[in-house]
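Asks: next comes the sequence, and after it the predicted model I'd like to discuss.
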Amino acid sequence: MKKTVKDIDVTGKRVIVRCDFNVPQDETGAITDDIRITSALPTINYLLDNGAKLILMSHLGRPKAGPEQKYSLAPVAKRLAELLGKEILFFPVNEVINEKVRKTASELQVGQVLLLENVRFRKEETKNEVAFSKELADLGDIFVNDAFGSAHRAHCSTAGISAFLPSVSGFLMEKEIKYLGTALENPERPFLAIMGGAKVNDKILVIESLLNIVDSLIIGGGMAYTFLAAKGYAVGTSLFESGMEDMARSLMEKAKNKGVRLLLPIDVIAAKEFKNETDFARYDADKIPMDRMGLDIGEKSILLFSEEIKRAKTIFWNGPMGVFEMPNFEAGTKTIAEALAESDAVTIIGGGDSAAAVREFGFSDKLSHVSTGGGASLEYLEGKILPGVGILLDK
Ligand code: AMP
């Protein structure tokens, strides 16, 4: 168990909180989804209510050539001020920390909030360089990590800073660790994992680890076609990772040896082109025409997967069942999301596109936990110690 903000005295202290304000924006820079900001509010409000002086920090996007205006946290400062109903001190300085920022941090009053500019404006950030970690640490008295989505990276603001300050988790981080930790160590059974999305290659390691802990595993989405091909089926022009069939075969073999029920789509919705407005039809998974690509799971698969969902007591889901961004191919993902929402099981959504899908379809409130970290939740379930979690004080 890791210490949280509740296990440490924050009154009158300068508390530096790593948030995940890596929000999606449109071409004009307007924030298109502020869930990452609203998710940070419980920790921020708790600290303010308990007399802390707040310094918030985050990254935004992947600035490559040093500071880039389009990655400024200015829009986040504005949105946060609206949500908190209070002024946010924000200096859009390329060096993130300068004399003015230092002075403001040292003179902060109880209840005031300072937001630093995008920490990735400093190239040392992603290299976890000690000097920048120390510069950040010198601004505060306590470090709170609430950025689960970045916890799988050892950067100055997620891990390095903890060498200089007592470090505890925020509430969002605590919830992530609670749900994912229980799934990993002590899940209520049967435990079902549902994996989808585009690429097998990205998720091999987590599938392999999941086979050690789950009772059944559903594989859908684009990655299913590599498995279907490994079974000897013709998959037409479906997304298919050549060279990965052996790996898929060995995962299927491992599932068999471990007694894990591995379910693949038994039918698919296939089209001639990768677009919404195109001719599409349902085919059994072993009868996909040569000139068609599977873009969603079919109704028989939905039924099969739904039955498995009904049996499960713990469900982890990562990756859509089809190209859910196109309305004609969203049914598989939507119905699976709905089945999870109706289930009494502990339901955990592993970030990324599946989290976006359950939000878009309006089911998030009916799930036990929608993780804010795609990559981080997968690495956690692989059994890795995430750098941003490992550095937190134990209870
Ligand atoms: P990932 O980032 O690996 O979780 O993949 C998510 C993406 O996979 C989404 O953008 C989906 O549109 C895409 N996807 C899901 N199923 C398919 C499919 N059958 N063919 C192509 N892309 C797919």
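Replies: Looks like it came in fine.
Asks: where does the protein dip in pLDDT?
Replies: Scanning the chain for pLDDT under 70 picks out no residues.
Asks: measure stretch 387-395 end to end?
Replies: Using C-alpha to C-alpha, to the nearest Å, one end of stretch 387-395 lies 18 Å from the other.
Asks: tell me which parts of this protein are close to the ligand?
Replies: Residues of the chain lying near the ligand by C-beta under 6 Å from any ligand atom: 197-199, 202, 221-222, 239, 294-295, 319-320, 322-323, 325, 352-353. (C-beta placed from N, C-alpha, C; glycine too.)
Asks: just name the closest of those residues to the ligand, please.
Replies: For these, the minimum distance to the ligand (C-beta to the nearest ligand atom) is 2.4 Å, reached by residue 197.
Asks: hmm, back to that, what two of the residues of the chain next to the ligand are the furthest from one another?
Replies: Distance extremes for these: the farthest pair is 294 and 352 at 20.6 Å, using C-beta to C-beta.
Asks: how about the nearest residue to residue 94, chain neighbours excluded?
Replies: residue 67 (4.0 Å; C-beta to C-beta, 6 or more residues apart in numbering).
Asks: actually residue 113, not the one I wrote
Replies: Nearest one to residue 113, counting by C-beta to C-beta, 6+ apart, is residue 54 at 4.5 Å.
Asks: neighbour count for residue 294 and residue 352, which is higher?
Replies: residue 294 (31 against 19; other C-beta atoms under 10 Å).
Asks: mind listing what the more buried one touches?
Replies: Residue 294 sits next to 224-225, 235-236, 238-239, 265, 268-270, 283, 285, 288, 322 when contact means C-beta atoms under 8 Å, 6 or more residues apart in numbering.
Asks: so which of these is the closest to residue 213?
Replies: Distances from residue 213 to the contacts of residue 294, taken by C-beta to C-beta, are shortest for residue 224, at 20.9 Å.
Asks: against residue 151, how distant is that closest one?
Replies: According to C-beta to C-beta, to the nearest Å, residue 224 stands 29 Å off from residue 151.
Asks: which secondary structure element contains residue 105?
Replies: Per DSSP states H and E, residue 105 falls inside helix 99-106.
Asks: next SSE after that helix?
Replies: For helix 99-106, the succeeding helix or strand toward the C-terminus, using DSSP H and E, is strand 113-115.
Asks: and that following strand, what does it pack against?
Replies: For strand 113-115, the packing partners by 3 or more C-beta pairs under 8 Å, 6 or more residues apart in numbering; DSSP states H and E come out as strand 53-57, helix 74-84, strand 89-90, helix 99-106.
Asks: go through the second one and flag the buried ones.
Replies: Going back to what we said before, that points to helix 74-84. Judged by neighbour count (16 or more other C-beta atoms under 10 Å), helix 74-84 contains these buried residues: 74, 75, 76, 77, 79, 80, 81, 83, 84.
Asks: the last one reaches residue 47, doesn't it?
Replies: Put plainly, it is residue 84. No: Residue 84 is not in contact with residue 47 according to C-beta atoms under 8 Å; the separation is 11.4 Å.
Asks: and the closest residue to residue 40 other than its chain neighbours, how many neighbours does it have?
Replies: Here the nearest residue to residue 40 in space, its sequence neighbours aside, is residue 19; by C-beta to C-beta, 6+ apart that works out to 4.5 Å. Residues lying near residue 19 (other C-beta under 10 Å) number 29.
Asks: surely residue 19 and residue 59 touch.
Replies: No: look at residue 19 against residue 59 with C-beta under 8 Å: they stay out of range, at 9.8 Å.
Asks: what about the helices in this protein?
Replies: Per DSSP state H, the chain carries helices over the ranges 35-49, 74-84, 99-106, 130-137, 171-185, 200-213, 224-230, 245-258, 299-311, 331-342, 352-360, 374-381, 387-390.
Asks: format the ones you listed as a markdown table; extra columns: distance to residue 4.
Replies: Putting the helices of the chain into a markdown table (distance: least, C-beta to C-beta, whole Å) gives the following:
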| stretch | distance to residue 4 |
| --- | --- |
| helix 35-49 | 9 |
| helix 74-84 | 21 |
| helix 99-106 | 23 |
| helix 130-137 | 19 |
| helix 171-185 | 5 |
| helix 200-213 | 26 |
| helix 224-230 | 39 |
| helix 245-258 | 35 |
| helix 299-311 | 32 |
| helix 331-342 | 28 |
| helix 352-360 | 23 |
| helix 374-381 | 17 |
| helix 387-390 | 12 |
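Asks: brilliant, that's me finished.
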